[in-house]
Structures are given as structure tokens and as C-alpha cells.
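Colleague: return a 3D structure for these sequence lines:
(chains A, B, C and D)
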There are 4 protein chains.
Amino acid sequence: MRLGERESLSKSKGMISVGVDIKVRYQETDQMSVVYHANYFTWFEVARIELLNRMDCPYRELEHEGYLLPVLDCEAKFLKPAHFDDQLIVSAALSGMPSARIKISYEVHRDDDLLCTGSTTHAFIDKTGKLTRPPQRFVSKVKLNT
Amino acid sequence: MRLGERESLSKSKGMISVGVDIKVRYQETDQMSVVYHANYFTWFEVARIELLNRMDCPYRELEHEGYLLPVLDCEAKFLKPAHFDDQLIVSAALSGMPSARIKISYEVHRDDDLLCTGSTTHAFIDKTGKLTRPPQRFVSKVKLNT
Amino acid sequence: MRLGERESLSKSKGMISVGVDIKVRYQETDQMSVVYHANYFTWFEVARIELLNRMDCPYRELEHEGYLLPVLDCEAKFLKPAHFDDQLIVSAALSGMPSARIKISYEVHRDDDLLCTGSTTHAFIDKTGKLTRPPQRFVSKVKLNT
Amino acid sequence: MRLGERESLSKSKGMISVGVDIKVRYQETDQMSVVYHANYFTWFEVARIELLNRMDCPYRELEHEGYLLPVLDCEAKFLKPAHFDDQLIVSAALSGMPSARIKISYEVHRDDDLLCTGSTTHAFIDKTGKLTRPPQRFVSKVKLNT
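Modeller: Here you go, the predicted structure:
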């Protein structure tokens, strides 16, 4: 992750953050010759998955253990457009103490340009759809890192 | 459009609103067996395009005339999941006086169930990317309908 | 379904065929200002699902009964581009006697213009991934219609 | 690129080939818990773009110079499913002398497993949509490498 956005996403202390490289695919553009806005949420997902990896709670394993992390809400602000073949860094940060609900913040940078900010909120639920506590492993990791 | 969501999206007077039928595609599901959250923004687009049609300002024509309506921000809240083959109604409503910026609100219903609410904000810009006033036709239509 | 493509997809006797209306979404375009090629396969899916509906074998029910119909191969030829907001008819036709494998052919028309032809091959498998016979209901329906 | 698929895609002499790393996104799965088939064509695109990069003909530059490379046809065979979070290698190879038409072949591997093979055919056209010769640079590069 580049220095720039690590700083911007970790102004508040005690955040766990991560950045991933995204190369814009032609499929992700639309006829305005920019990236279609909904695709940023897929990039957020890529960064979120990496964030969980860094916390030793890979999402693939969480699902095997019976946890699901559906999206409760999501939002994004678009400051500058991204274009085909752009090399971007998408960073994700988790803040605060985990409850059944976690909020993750995102930023998309192209070099020094901040293109997009956003966030998603997720609940830990079990396979029956009931709200559940996050796995102990997850809670410990958050405490350790914040 | 069903009565239910027309009412809910037009509680405030003076709204222009519309509803479109959406059948959930298999491609739109993910391995949680629900619709992937980012796809709701594509459905919002379908309803938004129909809203502009009803205002006699088809987006296709707006682009031909040199206007673009990029998304400045967007958000959605997910109340209940949508599933493959569900028959949904996605409604869109435009409120207030147009400036260079317009805000559109959305609701997704399956029968009487409200699955999702959301909104997008758009700017009218010209081909050079500069903010511009909406076409007179658009402004008149809003005045006429609100 | 319009007359044109019904004829073209049912030249061979004994075909079960169906057509669905597709309005091109902005999300489906790319910066070449045409529909991105991979999206045609999603439209094929929409027509295929409707084909199964007309055969009284809705895919949703097939999955509940333990059948899956994964895609073994697929192909498409692109004759003319589709554009944003185009009103298209996507037709699907099933030919021949069903085995564990079925082949479905597709055509995409805009008025009298044939934009695309394609096909997909599917296997009936059970939840363990093993090849299986189609449900008796499906076989009977094919015999009845061909 | 891993040795395995480089060999398989360059059995015929004189091929220009390349491999890219793809991590499967959750968004790319469907409720069968495998990657939706149409998404392989987007991965093919990622490999194709990298192939053009290696030939010093980045697609971004080709478009700036007035060339477009629309897809004339495409096909894929699916041998084994890909799953969420899988680390894949998607390889692309260009064979033979370029004309106005080029054919690119693809393979998708997960470790030693071949999951998918496919191909796309493209035409060089100019902005008016007319068939045109590939840029001299492209032709030379092919001659040099084959």
C-alpha cells in the first residue's frame, strides 16, 4: 500500500487497514468512458477480503465455520472518475470494537488522486440467518491491533 | 407499479415517481444464494432511466444533446435479501427543484416486502466535464409535475 | 416474440422455442459505446430460464428438486453491436431428444436485425456433482412438444 | 506464468503467450457456489490486455490511435468449476500471421488443474467501424516473435 492513503485511512488510531492493487478492466467501463459506479463496490469487496485475510480470518474459512457477513448498507462518493487500464489502490479499514455489526471504510486512489470514498456495514449471522457474535479469533485480533 | 410503494415513495407531495419490473437473474446471485449487493445499483439505473423517459427526457437523448449525468454519490440499505427468479418492483422518485444536482430515491419491493431503499445524486455536466444547467425541457417538466 | 426470429430458430421441426424482451442497461455498455460481449451470455440465461418455464420445469424448482444445470460450453457470434436503451428480443430454442446433456441455441434481434447467435450446452447433475438423467417431467415435455 | 500452462498454450511454435494472476471475487460467484460462466470472458479480457502490453501495443494506446478491436466471436469450454478466492492463472496466446482478424486462445488453470479453455476472434476496425489493417508496429512484433 502506498503511504498516502494509509495515512488518510488511519488518521484515527487503532485502525486495521490494508490496500490492494486493482487494474481497471474494460468490462468495468461504460459508454461514458469511465468506470460504472456499481463496480467500486466489487473493488471494496476485494479490499475487504484482503482485510479479513490480514486479520487471520479469511472469509472463505468464516463461511466454512458457518458465519456469513452480509452487507447491511453501503455508500460511496465519487470525486474523480477512474478509466480503463488505470492502476488503482483500494484500501479498506476496520475501526472500533467489533459487535455483531462491523463498519469498513474504503478509499480508492490513483497515484495521489483520491477518486472515491465509501463504506459498508456488515452483520455476522449464522447459516439460519440469525445475528451472532463474531468468532473469538476475530475479536481477539481486533483487540490486539487496536 | 403496485400501490404499496407508490405510496411510500410519494408521501411528500410533488414527487415524480415511477416503478419498473425486475426479474432477478441467476447471474445477479452470489454463493450466499442472494443477490449481490452491488447489483441493486444497476436496478436503480433501470428505474432512473424509466423516470427520465416519463419526464420526456430520455437519457439517450440527453447524451445526444451533450449532457451527461454522472453519479456523484450513491447509497443503499438492505432490509431483506432478494433471490433468484424473484419478481421485484424497483421504484424511483425525483424530489424538489432541479439545480445542477438532482437526487433520486429508490425502493425495491417484492410484493408487500420492502427489500431495499437507496439514493443516488447526479450532476448535469457537458461533454467537457463542466457543471451545467439541466435542459429547459427538464426544468419545465419538474415544475409541471411538482 | 416477433415473427422473424421465431421462424429463424424453428426452421428445424420439433423445436421448443421462446423469446424474451431485453432492454439494454447502461451498465451493460463499455467505452466502445456498445454492449460488452460477455453480457450476451447473461441475456441467453434470461431466455433459457423462460424456456424452462414454458416447459413447466422452472429452474428454481429444478434446483429445489436437487438438479443443477451447469454450463459445459458456450459460444456466441457477434454480427452487429447492441447499444444502450435498445429494445431487443432474445430467443432460445431446445432441439432434439434430451439426454444428460442439452444444447440450447440463441438469437438476439433488434427489429429485423440479427445481432448475435450463440449456444450453450448443459448437463443435468445432482447435488453431488454426478451426471444424472433429466427429470421425467422434462423428458415428457420434450416428447410432447417435438 | 507457471510452467504447466505455458507449455500447453505454446505447443505450436511461434506463439506469443502470456499469463495473468486472477483471484476469484465473491461477486463472480453465483448461487451454485461456482464462478458464473460469463465471467471467464472478462478474465480472458484481462489476459488479452496483458498480451497486447507484452507486444508493446497496449490497448489503451491502440484506441488513442483510432483502432478498435471488437469481439467477433467467442467460446469457452468449462472442465472444472472455479470457486471463490481461488488463485488462478489465465493465459492468452496469439497464433499465426495477423490479418484484419486475430484469434486469441485462452486457458484457465488452478495449480495443475485445467479449468477452462476458450478463444476470441477480433477485428481491427477504425472509428468509423470499417475493417482496417493492424498497425505496422503490431505486425512487426508478431513477425519478430513468431
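
Colleague: interface residues of chain A facing chain B?
Modeller: Within reach of chain B by C-beta under 8 Å from any C-beta of the partner chain, chain A has these residues: A:32, A:34, A:37-39, A:41-42, A:68, A:70-78, A:81. To be clear about C-beta, it is placed using only N, CA and C from the backbone, and glycine gets the same treatment.

Colleague: narrow those residues to those in helices?
Modeller: Helix and strand membership here follows DSSP state H; of the residues of chain A next to chain B, those in helices are A:39, A:41-42.

Colleague: that older thread, if we check chain D, which of the residues of chain A next to chain B are in contact?
Modeller: On the criterion C-beta under 8 Å from any C-beta, residue A:42 are the entries of those that sit beside chain D.

Colleague: narrow the residues of chain A next to chain B to those that are buried.
Modeller: Among the residues of chain A next to chain B, those buried by neighbour count (16 or more other C-beta atoms under 10 Å in any protein chain shown) are A:32, A:34, A:37-39, A:41-42, A:68, A:71-78, A:81.

Colleague: let's see which of these end up in strands.
Modeller: Residues of those located in strands (DSSP state E): A:68, A:71-78.

Colleague: quick one: which two of those are the most distant?
Modeller: By the measure C-beta to C-beta, A:68 and A:78 form the most distant pair in those, at 28.7 Å.

Colleague: in chain A, where is pLDDT below threshold?
Modeller: Along chain A, segments meeting pLDDT under 70 span A:1-14, A:96-98, A:146.

Colleague: what parts of it come near chain C?
Modeller: A:26-27, A:29-34, A:36, A:38, A:84.

Colleague: break down chain A into its helices, ranges please.
Modeller: A:3-9, A:39-54, A:59-64, A:136-145.

Colleague: just say which of those helices is most tucked in.
Modeller: Ranked by mean neighbour count, these are led by helix A:39-54 with a mean of 22 (mean count of other C-beta atoms under 10 Å in any protein chain shown).

Colleague: which one of the ones in helices among the residues of chain A next to chain B is nearest to chain C?
Modeller: residue A:39 (8.7 Å; C-beta to the nearest C-beta).

Colleague: for the closest residue to the closest one other than its chain neighbours, give me its contacts.
Modeller: Distance criterion C-beta to C-beta, 6 or more residues apart in numbering or on different chains; nearest residue to residue A:39, sequence neighbours excluded, is residue A:28 at 4.5 Å. The contact partners of residue A:28, taken as C-beta atoms under 8 Å, 6 or more residues apart in numbering or on different chains, are A:35-36, A:39, A:84.

Colleague: who wins for neighbours among those residues?
Modeller: Ranked by neighbour count under the definition other C-beta atoms under 10 Å in any protein chain shown, the contacts of residue A:28 are headed by residue A:35 with 26 neighbours.

Colleague: hey, what's that one bridged with?
Modeller: Per DSSP bridges, residues listed as beta-bridge partners of residue A:35: residue A:29.

Colleague: so it is in contact with residue A:23, correct?
Modeller: No. At 11.6 Å, residue A:35 and residue A:23 do not qualify as touching, with contact defined as C-beta atoms under 8 Å.

Colleague: residue contacts, the residue of chain A positioned farthest from its centre?
Modeller: No residue in chain A has its C-alpha farther from the mean C-alpha position than residue A:31, which lies at 26.7 Å (C-alpha atoms, centre = their mean). For residue A:31, the contacting residues are C:26, C:29-34, C:84, taking C-beta under 8 Å, 6+ apart as the criterion.

Colleague: quick check: the spatially most central residue of chain A vs residue D:130, distance?
Modeller: Centroid-nearest residue in chain A, with C-alpha atoms, centre = their mean: residue A:48, separated by 3.3 Å. In this structure, residue A:48 and residue D:130 are 45 Å apart, going by C-beta to C-beta, to the nearest Å.

Colleague: count of residues packed around residue A:115?
Modeller: For residue A:115, the number of neighbouring residues by other C-beta under 10 Å comes to 21.

Colleague: wait, doesn't it sit right on residue A:91?
Modeller: No. Between residue A:115 and residue A:91 no contact is recorded; they are 11.7 Å apart, counting by C-beta under 8 Å.

Colleague: please enumerate the shared neighbours of those two.
Modeller: Taking C-beta under 8 Å, 6+ apart as the contact criterion, the common neighbours of residue A:115 and residue A:91 are A:108-109.

Colleague: how about stretch A:100-119 and chain D, touching?
Modeller: No. Using C-beta under 8 Å from any C-beta, stretch A:100-119 stays clear of chain D, coming no nearer than 13.9 Å.

Colleague: just the terminal-to-terminal distance for that stretch.
Modeller: 17 Å (C-alpha to C-alpha, to the nearest Å).

Colleague: list the buried residues in it.
Modeller: A:102, A:104-110, A:115-119.

Colleague: ok, of those residues, which one's closest to residue C:18?
Modeller: Proximity of the buried residues of stretch A:100-119 to residue C:18 (C-beta to C-beta) peaks at residue A:118, which lies at 40.3 Å.

Colleague: which strand residues bridge residue A:125?
Modeller: Judged by DSSP bridges, the bridge partners of residue A:125 are residue A:68, residue A:131.

Colleague: just checking, it touches residue A:131?
Modeller: Yes. Look at residue A:125 against residue A:131 with C-beta under 8 Å: they come within range, at 5.7 Å.

Colleague: residues contacting residue A:118?
Modeller: A:40-41, A:44, A:74-77, A:105-107.

Colleague: ah, wrong one, I meant residue A:57
Modeller: Going by C-beta under 8 Å, 6+ apart, residue A:57 touches A:135, A:137-138, A:141.

Colleague: before we move on, what about residue A:24?
Modeller: A:35, A:82-86, A:88.

Colleague: top of those residues by number of neighbours, please.
Modeller: residue A:35 (26 neighbours).

Colleague: distance of residue A:131 from chain D?
Modeller: As judged by C-beta to the nearest C-beta, to the nearest Å, residue A:131 and chain D stand 21 Å apart.

Colleague: list the contacts of that residue.
Modeller: With contacts defined as C-beta under 8 Å, 6+ apart, the neighbours of residue A:131 are A:100, A:123-125.

Colleague: of those, buried ones?
Modeller: For the contacts of residue A:131, burial is judged from neighbour counts taken by 16+ other C-beta under 10 Å, and it is met by A:123-125.

Colleague: any chance of those residues in CSV, with distance to residue D:60 too?
Modeller: As requested, these are exported to CSV (distance: C-beta to C-beta, whole Å):
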residue, distance to residue D:60
A:123, 41
A:124, 42
A:125, 43
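
Colleague: out of those residues, the closest to residue C:60 would be?
Modeller: Closest to residue C:60 out of these is residue A:125 (23.2 Å), distances taken as C-beta to C-beta.

Colleague: what about that closest one, distance to residue B:32?
Modeller: Between residue A:125 and residue B:32 the distance, using C-beta to C-beta, works out to 10 Å.

Colleague: which neighbours do those two share?
Modeller: Contact criterion C-beta under 8 Å, 6+ apart; residues shared by residue A:125 and residue B:32: A:68, A:70.

Colleague: give me the phi and psi for the residue nearest to residue A:127 when sequence neighbours are not counted.
Modeller: Here the nearest residue to residue A:127 in space, its sequence neighbours aside, is residue A:66; by C-beta to C-beta, 6+ apart that works out to 5.3 Å. Per-residue torsions, residue A:66: phi 100, psi 10 (degrees, to the nearest 10).

Colleague: what about residue A:66, how many neighbours?
Modeller: Applying the criterion other C-beta under 10 Å, we find 12 residues in the vicinity of residue A:66.

Colleague: picking that back up, check the contacts of residue A:31 and tell me the two furthest apart.
Modeller: C:26 and C:32 (13.9 Å).
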